[in-house]
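**Q** this is a predicted model, with the sequence first.
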Amino acid sequence: MLRSLATVAASLGGLALLVWFMVVLLDLKHLQSGFTLPTP
């Protein structure tokens, strides 16, 4: 029970880290193209 819980927590943490990494990469790409605010 505890082991499966730890596995779930680890996979969730890895997934969150991956998503955060992707967001950071996209942000960097967006910032490199200039500091223009998106028009609504």
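**A** Looks like it arrived, so ask away. It should be emphasised that the depicted structure is a prediction, and the values quoted were computed from it without experimental measurement.
**Q** middle-most residue in this structure, spatially?
**A** Trp20 (1.5 Å; C-alpha atoms, centre = their mean).
**Q** wait, what's in contact with that one?
**A** Contacts for Trp20 were tallied using C-beta atoms under 8 Å, 6 or more residues apart in numbering; there are none. Every residue, glycine included, has its C-beta placed from N, CA and C.
**Q** Met1 versus that one, what's the distance?
**A** 29 Å (C-beta to C-beta, to the nearest Å).
**Q** re the thing from before, helix/strand/coil for the residue nearest to the centre of the chain?
**A** helix (DSSP: H, G, I helix; E, B strand; the rest coil).
**Q** check the one 4 residues further on too.
**A** Applying three-state DSSP to Val24 yields a three-state assignment of helix.
**Q** neighbours of it, how many?
**A** Each residue near Val24 was counted by other C-beta atoms under 10 Å, and the total is 10.
**Q** check what pLDDT it gets.
**A** Predicted confidence (pLDDT) for Val24: 85.
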